[in-house]
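Peer 1: got a structure for you, letters missing:
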């Protein structure tokens, strides 16, 4: 590694370490305000700052916990919007897209950062048209790339369709873009072949017990019974990948 | 730059940054910084721990401006204890000469399975909390399956101390349950499953496993019987299905043996968890 590059790498590492430490301490100090019995307005200010700090540290669950403790009766309109924004981002980062959209619908602040997060949340809620127009208005310089990206926006895979296709392996796997298709497919076809072959041979017990067991294990227990879970995973994975790409374009 | 704000590690990707709690290590004391004393932070640390804000407590206690003291060692041990980092907790508690550190250290060592270490720690105690000491010794005796020793320590229970009485009664209940419990024999389970597939699992108390073993071995036996009947004993089909059936039959016997071991271990784990809880909970009442 060249000396300059080594120096830069070490500097970035040290800077990040000290920043994380400083922010962690900052979050603790906001909690201390509450420990000392702050007024509702002070407590709200401390909790909002703490939540912002924790989000920057990637501690989204702790941030949501801080937001849950806000004294809603004394929350100003401006702070309410800020808390919606912070909560929406925490939910987005933890994969709770529906919850994040709910926060957005309650209102976000009007600044650029909140609008940028709103574009992400709208996309995560599959409101692609709204997300695109907001993203383009914020970052017109990336308009072409954004248009191109939104043309490839992930379509929600339907559980019913995946279920139907799963009866003929590996169509269900292909539909869900699941690369672990080989084992189940081979076992299903082996089970079906064994059943038919043994029936033809007149070995009815072997056909029913042997082929039936194999078919049941591969077809029912894995291929079909896991469809709801695999559909959800496929949708989540596709959305995460799309949001990653979108986020990389939402910058100056 | 995707984002110029500092501390945006968590925002750079959609997946949250995971912070590994096992790498916690406090910074060395720096005498050039304005000194802060752990005794002044004790109430705040307790507040953080009571609210489940362990990470915040650990952050606070890692500062280099904190003057080394027994209280600091105790609080660091306590924060790690709450974070279930028992090795670290034991290490910090053992550096503190406070009474509460000693009793918490015993619980950490009991969690780590170092029962003789915990006993040695308590042997060195000569303070006013004799009944608490006896309670912890009784608990460790139960964890070590030393029932006579438990009786000796339990004879010191007065059941009149508000902070201890519930735990004393709970330990007595555990001792009675252990005395009434008869460990099942893995050999008997294996023998039963050899006679009837699944019977050993049923003896161990696992109905689902018993049914599964019975149906699997039964089905394979049915297939083997059909092949034998139709093609004779020397046919490759009979040999193949018979071999698979034998494999599953042996597996069923071994499974029954293991099931009983698991069943016995589950009972032990359950009673150990109750004991560990009850030698710890009075400390929360007394010292927190």
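Peer 2: In hand now; what should we look at? Just so you know, these numbers come straight off a predicted model, no measurement behind them. Numbers count the residues shown, from 1 in each chain, chains lettered A, B, ... in the order given.
Peer 1: Now stretch A:79-93: average pLDDT?
Peer 2: For stretch A:79-93, mean pLDDT is 96.
Peer 1: what does it contact?
Peer 2: A:44-45, A:48, A:51-52, A:55, A:58, A:60-61, A:63-64, A:67, A:70, A:75, A:97, A:99-101, A:103-104, A:106-109, A:114, A:117-118, A:120-121, A:124, B:10-11, B:14-16 (C-beta atoms under 8 Å, 6 or more residues apart in numbering or on different chains). The way it works is simple: take the backbone N, C-alpha and C, and place the C-beta from them, glycine included.
Peer 1: And for stretch B:162-169?
Peer 2: With C-beta under 8 Å, 6+ apart as the test, stretch B:162-169 has contacts from B:131-132, B:135, B:154, B:157, B:159, B:278-279, B:281-282, B:285-286.
Peer 1: still on that earlier bit, in helices, which of the contacts of stretch A:79-93 fall?
Peer 2: A:44-45, A:48, A:51-52, A:55, A:60-61, A:63-64, A:67, A:97, A:99-101, A:103-104, A:106, A:114, A:117-118, A:120-121, A:124 (DSSP state H).
Peer 1: Please report how far residue A:194 lies from residue B:31.
Peer 2: Separation of residue A:194 from residue B:31 (C-beta to C-beta, to the nearest Å) stands at 78 Å.
Peer 1: Which one's more surrounded, the two?
Peer 2: Neighbour count, other C-beta atoms under 10 Å in any protein chain shown: between residue A:194 and residue B:31, residue A:194 has more, with 19 against 8.
Peer 1: Would you check that the more buried one makes contact with residue A:210?
Peer 2: Yes - Residue A:194 is in contact with residue A:210 according to C-beta atoms under 8 Å; the separation is 5.8 Å.
Peer 1: now the nearest residue to residue B:73 once chain neighbours are set aside: how far from chain A?
Peer 2: Excluding the flanking residues, the one nearest residue B:73 by C-beta to C-beta, 6 or more residues apart in numbering or on different chains is residue B:96, at 3.8 Å. Going from residue B:96 to chain A by C-beta to the nearest C-beta, to the nearest Å gives 22 Å.
Peer 1: Helix or strand for the residue lying closest to residue B:197 once chain neighbours are set aside, just tell me which one.
Peer 2: Distance criterion C-beta to C-beta, 6+ apart; nearest residue to residue B:197, sequence neighbours excluded, is residue B:217 at 3.8 Å. For residue B:217, the host element (DSSP states H and E) is helix B:207-231.
Peer 1: Would you confirm that residue B:25 belongs to a strand?
Peer 2: No - counting by DSSP: H, G, I helix; E, B strand; the rest coil, residue B:25 falls outside a strand, being coil.
Peer 1: number of nearby residues for it?
Peer 2: 8.
Peer 1: quick one, phi psi at it?
Peer 2: Main-chain torsions, residue B:25, degrees, to the nearest 10: phi -150, psi 130.
Peer 1: And for residue B:196?
Peer 2: According to degrees, to the nearest 10, residue B:196 has phi -140, psi 110.
Peer 1: dump the residue contacts of the nearest residue in space to it that is not next to it in sequence.
Peer 2: Leaving aside its sequence neighbours, residue B:196 sits nearest to residue B:214 (C-beta to C-beta, 6+ apart; 7.6 Å). Residues near residue B:214 by C-beta under 8 Å, 6+ apart: B:196-198.
Peer 1: Same question for residue B:96.
Peer 2: Per C-beta under 8 Å, 6+ apart, neighbours of residue B:96: B:70-71, B:73-74, B:77.
Peer 1: Secondary structure, distance to residue A:242 and neighbour count added to those, as CSV?
Peer 2: Shown next, in CSV, are the contacts of residue B:96 (DSSP: H, G, I helix; E, B strand; the rest coil; distance: C-beta to C-beta, whole Å; neighbours: other C-beta atoms under 10 Å in any protein chain shown):
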residue, secondary structure, distance to residue A:242, neighbour count
B:70, helix, 55, 15
B:71, helix, 52, 21
B:73, helix, 50, 21
B:74, helix, 50, 27
B:77, helix, 46, 28
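Peer 1: and these as CSV, adding pLDDT and distance to residue A:181?
Peer 2: Formatted as CSV, the contacts of residue B:96 follow (pLDDT from 0 to 100; distance: C-beta to C-beta, whole Å):
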residue, pLDDT, distance to residue A:181
B:70, 96, 61
B:71, 96, 60
B:73, 96, 56
B:74, 97, 56
B:77, 96, 51
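Peer 1: With respect to residue A:188, which of those residues is nearest?
Peer 2: Ranked by distance to residue A:188 (C-beta to C-beta), these are led by residue B:77 at 55.8 Å.
Peer 1: Look up how far chain A lies from residue B:243.
Peer 2: The gap separating residue B:243 from chain A is 14 Å, by C-beta to the nearest C-beta.
Peer 1: Could you say which helix or strand holds that residue?
Peer 2: Here residue B:243, judged by DSSP H and E, is contained in helix B:236-287.
Peer 1: ok, which stretches of the stretch 51-200 of chain B are helices?
Peer 2: For the stretch 51-200 of chain B, helices defined by DSSP state H, counting those that start in this stretch occupy the ranges B:54-61, B:70-82, B:86-93, B:99-112, B:115-123, B:130-143, B:147-154, B:165-180, B:186-195, B:199-204.
Peer 1: Tell me the buried residues in the first one?
Peer 2: Think helix B:54-61. Under the neighbour-count criterion of 16 or more other C-beta atoms under 10 Å in any protein chain shown, helix B:54-61 has B:54-61 buried.
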